[in-house]
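Participant: can you look at this prediction? I've put the sequence above it.
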Amino acid sequence: MNPSLTDTSTLREAGTVLLPGDPGYDVATVPWNLAVVQRPAAVAVPRTADEVARVVAAATALGLRIAPQSTGHGAAALATGSLHDVVLVRLHELTGVTVDPIARTARVLGGTLWRDVVEAAAPHGLAALHGSAGDVAVAGYALGGGLSFYGRAHGLASSHVRAVELVIADGSIVRASEHERPDLLWALRGGGGGNFGVVVAVEIDLIPVADVVAGMLLWDLSKGSEVTRAWARWTADLPESATTSLRFLRFPPDPAMPPFLSGRSLVVIDGAILEDDERAAELLAPLRALAPEVDTFGRMPAAGLVDVHMDPPDPVPGVSDHAMMTELPDAAIDALVAVAGADVEIPLICAELRHLGGALARSGDGALARLDGAYALFALSPAPTPEMAAIGESVTSSVAAALAPWANGTAFLNFADRGIDVATGFDADAWARLVEVRRTVDPDGVFAAAHPIGDGRR
Ligand SMILES: Cc1cc2nc3c(=O)[nH]c(=O)nc-3n(C[C@H](O)[C@H](O)[C@H](O)COP(=O)(O)OP(=O)(O)OC[C@H]3O[C@@H](n4cnc5c(N)ncnc54)[C@H](O)[C@@H]3O)c2cc1C
């Protein structure tokens, strides 16, 4: 594509569109992941679906491509390609939630955050399959799979997407559901929204969960080996009602933090258990026997689950690496402790293992039908400067490399920020079908997604 920006009037007339040099351009291009610098040909901040449609039509007429972005949590993956011929469409002004308590569904607008869905569902005794952070957007998360603390009981969030409304390459607004464009709905369920259009609304299932046993158990990282061994044994035959994560976590000294976190290196287990109090206590007993320093597990309103993981409340700069693991034997735990345990001085925010299996391992309907693996590894380092980012890339890669002997070579794309072969996120048949759907819906490769499907263009 050979963009010509000599006459940008049609683009400017389409809505709130800012070009380099315009006041507001720099602010509007800053993603949640502050390590990423985005310099697109233009940035649009639409407030309505019609405005999105006008921007898409004007951009394509100028020979520009379009990258939808809700929050920029996944900006590192998008930024691996150049954005010089791209209009970045930021959806953070296109938000809103409507809950249908009878149908147990929610219709959310394109840039809506999970926290808003959780708050709107709670008064009806309903919960949503949100992830660990309330400020991640529904569109990027759910259409990329969506791994929640309800996951082992209810499966991937993408399997619970009922319908999607999106602006496609010709500027029209279409709806994909089981009855309208079912192939496109199949592709959007896990194939990532950004490959097919700008998503302006998503309809999702809610689950009848008003409260949940959730919380965290926390130990000094010097207990990393003992606690991880116990968690690995515990997860081996855990009921599907429990979904947890184990993290080696390092916090910088910060007077604003509680003393049990500030400046500490910790091993933390957290998550949710969908059982009554007695059964939940029975399940937690082997972990509690390890005498955690802090134990917050208890019954809480389901809306509280979005804060249990203590994800950063504000945008931060970070780089990460990822792997899907088949098992967690003692040798893997030794390898993790050797590279990220208490005796190692490294700039690593976390090395996290999410327990998979249960409903996550069973086939749902969609391009990403199941997660292949027993644990998902996610390693994250701070990246406040390019130099620290380079160090962080090497640190997080070293964690993934240490666990590589137990990795299965697939990827969960929501956790994959860089250096990923996107096809490894799908089984071979699903990938072939995804490429075909993309070719049909976006034949000229107009859309630039974080994880591109097809010929790799972004
Ligand atoms: C702190 C943190 C916690 C996380 N926790 C979890 C977790 O628990 N479980 C999990 O599964 N993932 C988790 N993730 C990963 C997260 O789900 C992905 O980064 C996801 O892509 C973020 O979606 P977003 O829309 O907020 O981000 P964005 O960067 O805005 O979007 C990522 C990509 O999604 C597509 N997209 C986004 N919005 C639209 C739209 N409106 N229309 C079309 N395409 C769109 C685009 O291709 C875009 O490049 C976490 C990430 C972070 C940083």
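Facilitator: Looks like it came in fine. Here the structure is a predicted model, which is why all the values come from computation and not from measurement.
Participant: only C-alpha atoms for contact and neighbour calcs from this point on.
Facilitator: OK.
Participant: helices and strands around the host helix or strand of A201, which ones?
Facilitator: Assigned by DSSP states H and E, A201 belongs to strand 198-205. Where contact means 3 or more Cα pairs under 8 Å, 6 or more residues apart in numbering; DSSP states H and E, strand 198-205 is packed against strand 65-69, strand 105-109, helix 138-143, strand 161-167.
Participant: next, format these as JSON lines and append distance to D50, mean neighbour count and mean pLDDT.
Facilitator: Shown next, in JSON lines, are the helices and strands packed on strand 198-205 (distance: least, Cα to Cα, whole Å; neighbours: other Cα atoms under 10 Å; pLDDT from 0 to 100):
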{"stretch": "strand 65-69", "distance to D50": "15", "mean neighbour count": "28", "mean pLDDT": "97"}
{"stretch": "strand 105-109", "distance to D50": "13", "mean neighbour count": "23", "mean pLDDT": "98"}
{"stretch": "helix 138-143", "distance to D50": "18", "mean neighbour count": "30", "mean pLDDT": "98"}
{"stretch": "strand 161-167", "distance to D50": "9", "mean neighbour count": "24", "mean pLDDT": "98"}
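Participant: closest one to L336 among these?
Facilitator: The closest of these to L336 is helix 138-143. By Cα to Cα, the value is 27.4 Å.
Participant: hmm, the closest one touching the ligand?
Facilitator: Yes. Residues of helix 138-143 contacting the ligand under Cα under 6 Å from any ligand atom: A139, G140, Y141.
Participant: what does that helix contact?
Facilitator: Helix 138-143 has contacts (Cα atoms under 8 Å, 6 or more residues apart in numbering) with 69-70, 74, 108, 110-114, 130-131, 157-158, 161, 188-194, 199, 202, 414.
Participant: let's see it at 6 Å
Facilitator: Helix 138-143 has contacts (Cα atoms under 6 Å, 6 or more residues apart in numbering) with L113, W114, A157, S158, L188, R189, G190, G192, G193.
Participant: tell me the contacts of the residue lying closest to E327 once chain neighbours are set aside?
Facilitator: Closest residue to E327 in three dimensions, ignoring its sequence neighbours and counting by Cα to Cα, 6 or more residues apart in numbering: A374, at 5.8 Å. Taking Cα under 6 Å, 6+ apart as the criterion, A374 is in contact with M325, T326, E327, L356, G357.
Participant: V308 too?
Facilitator: Contacts for V308 (Cα under 6 Å, 6+ apart) come out as G215.
Participant: separation between it and G134?
Facilitator: Distance, V308 to G134, by Cα to Cα, to the nearest Å: 10 Å.
Participant: same check on A404?
Facilitator: From A404 to G134 the distance is 30 Å (Cα to Cα).
Participant: if we can go back for a sec, can you put the helices and strands packed on strand 198-205 in JSON lines and add distance to T228?
Facilitator: Output for the helices and strands packed on strand 198-205, formatted as JSON lines (distance: least, Cα to Cα, whole Å):
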{"stretch": "strand 65-69", "distance to T228": "36"}
{"stretch": "strand 105-109", "distance to T228": "37"}
{"stretch": "helix 138-143", "distance to T228": "28"}
{"stretch": "strand 161-167", "distance to T228": "34"}
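Participant: closest to L368 out of those?
Facilitator: Within the helices and strands packed on strand 198-205, the stretch nearest L368 is helix 138-143; the backing value is 9.3 Å (Cα to Cα).
Participant: more neighbours, A404 and G134?
Facilitator: Ranked by neighbour count (other Cα atoms under 10 Å), A404 and G134 place G134 first, with 21 against 16.
Participant: what does that one show for phi and psi?
Facilitator: Note on G134: its backbone torsions stand at phi -70, psi -20 [degrees, to the nearest 10].
Participant: how about it, what does it touch?
Facilitator: G134 neighbours (Cα under 6 Å, 6+ apart): W114, R115, V306.
Participant: cool, and G72?
Facilitator: P31, W32.
Participant: next, it: phi, psi?
Facilitator: phi 90, psi 20.
Participant: hang on, the earlier thing: distance of the residue nearest to E327 from D205?
Facilitator: A374 is 25 Å from D205, by Cα to Cα.
Participant: hang on, the earlier thing: including distance to L217, could the contacts of G134 go into JSON lines?
Facilitator: Below are those laid out as JSON lines (distance: Cα to Cα, whole Å):
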{"residue": "W114", "distance to L217": "24"}
{"residue": "R115", "distance to L217": "23"}
{"residue": "V306", "distance to L217": "16"}
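Participant: which pLDDT value goes with the residue nearest to E327?
Facilitator: We have a pLDDT of 98 for A374.
Participant: what of the one 5 residues further on?
Facilitator: pLDDT, the model's per-residue confidence, is 98 for A379.
Participant: okay but it is in contact with V319, surely?
Facilitator: No. In this structure, A379 is not within contact of V319 by Cα atoms under 6 Å, at 8.4 Å.
Participant: just the element for the closest residue to G358 other than its chain neighbours, please.
Facilitator: Spatial nearest neighbour of G358, excluding adjacent residues (Cα to Cα, 6+ apart): R152 at 4.6 Å. Using DSSP H and E, the element containing R152 is helix 151-154.
Participant: pLDDT score for R458?
Facilitator: R458 is given a pLDDT of 44.
Participant: one more: P313?
Facilitator: Predicted confidence (pLDDT) for P313: 87.
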